[in-house]
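Student: Next one to model:
(chains A and B)
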Amino acid sequence: MEWGSWNAFWNMGGAAWFVWGSYGVTILCIVTELFLVFRRRNDTVRRLLKLRRAAPTRNSMFGVREENV
Amino acid sequence: MRSFDDKKPRGKSLLRFAAPQVFYPLAGTLAPWFAAAAALLALIGLYVGFFVAPTDAQQGEVYRVIFIHVPAAWMSMFIYLLMAFWSAVGLVMNTRLSFMMARALAPTGAMFCFVALWTGALWGKPTWGTYWVWDARLTSQLLLMFLYLGYMALTAAIEDGRRADRAGAIIALVGAVNVPIIYFSVMWWNTLHQGASVSLTQAPTMATTMLAGMLLMAVAAWAYTVAAAFWRVRSFILERERHTDWVGAELERQENR
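Tutor: Numbers count the residues shown, from 1 in each chain, chains lettered A, B, ... in the order given. Got it, this is the predicted structure:
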């Protein structure tokens, strides 16, 4: 596929809004999802560390595995 | 690979990965590789899609939406079936990790479902003259979106993790009926949406380079899904196993990093 010029490429034969609107929103969705995934990771680690410091050896000394939490 | 001190299950069978403690580091090791593969495949797929695949004889350039529309739609259906599968495994075998996997997949499936609807609307306007039409394919895909949102809302609303798992599993299993309806809707009903261009039984009805770009993007979407779900499930595992010694050790390690 030869576009001739970058202008022709970005113009997409007049379908720029439909094509780039699709690709733009998709990239936005993926970036947002990854941001949320890593933010959750950081939040979880931080929150659990805090909880653990509040009650350091509550269950581990008995070897209890609480699975229904 | 990282190791943790306390009682690590040491079976030889693949089933040992069903233990959250064993799967956690494995998922952490694999996820970046899947993400890198996804990025690389997407770059090649986009290159093929925009610089190798020809202009479509009927639709002109707007058809290039296909390189995300079809892979996203495929993934949205496939991920829902995966969620139903892991939910069923969880219910039958009573394995915690199965439910966590189902829940980790849901947001990614919802994302792809939204992308399929959005790109479909933008493709529909220039080709059908409308962004939306209540035909069987579009309506059943919209229902899939609501199933994803319902699953996520329900599992998030129930505080007791085990009950949330089971309630979500019911939605996942019942809702899975909708997936074949989406897939076959273009055959069963007279839809504005076109039939499948790619099927297992017939030769594809599109140019080889178009097909190649689309398949590359589909594999990229699959690899991305694995990466996102693995990263997400690691948070779920920490949360669920927070009272165990190995999570304690892992948290300390994260803190001292």
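
Student: The helix or strand hosting A:Phe35 - contacts with which helices or strands?
Tutor: Taking DSSP states H and E as the criterion, the element that holds A:Phe35 is helix A:16-54. Secondary-structure packing of helix A:16-54 (3 or more Cβ pairs under 8 Å, 6 or more residues apart in numbering or on different chains; DSSP states H and E): helix B:66-93, helix B:96-128, helix B:208-240, helix B:245-255. From N, CA and C alone the C-beta is placed, and that goes for glycine too.

Student: Please tabulate these in JSON lines and include mean pLDDT and mean neighbour count as additional columns.
Tutor: As requested, the helices and strands packed on helix A:16-54 are exported to JSON lines (pLDDT from 0 to 100; neighbours: other Cβ atoms under 10 Å in any protein chain shown):
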{"stretch": "helix B:66-93", "mean pLDDT": "97", "mean neighbour count": "22"}
{"stretch": "helix B:96-128", "mean pLDDT": "96", "mean neighbour count": "23"}
{"stretch": "helix B:208-240", "mean pLDDT": "96", "mean neighbour count": "21"}
{"stretch": "helix B:245-255", "mean pLDDT": "91", "mean neighbour count": "17"}
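
Student: Now distance to chain A too, for those, in a markdown table please.
Tutor: Shown next, in a markdown table, are the helices and strands packed on helix A:16-54 (distance: least, Cβ to the nearest Cβ, whole Å):
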| stretch | distance to chain A |
| --- | --- |
| helix B:66-93 | 5 |
| helix B:96-128 | 4 |
| helix B:208-240 | 4 |
| helix B:245-255 | 5 |
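
Student: Out of the ones you listed, which gets nearest to A:Lys50?
Tutor: Closest to A:Lys50 of the helices and strands packed on helix A:16-54, according to Cβ to Cβ: helix B:245-255, at 9.9 Å.

Student: and that closest one with helix A:16-54, angle?
Tutor: Using axes from the mean of the first three to the mean of the last three Cα atoms, to 10 degrees, the inter-axis angle of helix B:245-255 relative to helix A:16-54 is 110 degrees.

Student: In TSV: the helices and strands packed on helix A:16-54, plus distance to B:Thr191.
Tutor: Shown next, in TSV, are the helices and strands packed on helix A:16-54 (distance: least, Cβ to Cβ, whole Å):
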stretch	distance to B:Thr191
helix B:66-93	14
helix B:96-128	11
helix B:208-240	20
helix B:245-255	49
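
Student: between those, which one is nearest to B:Val198?
Tutor: Among those, helix B:208-240 comes nearest to B:Val198, with 6.8 Å by Cβ to Cβ.

Student: The closest one - contacts with which helices or strands?
Tutor: helix A:16-54, helix B:20-47, helix B:66-93, helix B:96-128, helix B:245-255.

Student: Which pLDDT value goes with B:Arg2?
Tutor: Per-residue confidence for B:Arg2 comes out at a pLDDT of 45.

Student: Same check on B:Val65?
Tutor: Confidence at B:Val65, expressed as pLDDT, is 96.

Student: wait, isn't it in contact with A:Ser22?
Tutor: Yes: in this structure, B:Val65 is within contact of A:Ser22 by Cβ atoms under 8 Å, at 4.7 Å.

Student: shared neighbours of these two, anything?
Tutor: Residues touching both B:Val65 and A:Ser22 by Cβ atoms under 8 Å, 6 or more residues apart in numbering or on different chains: B:119, B:122-123.
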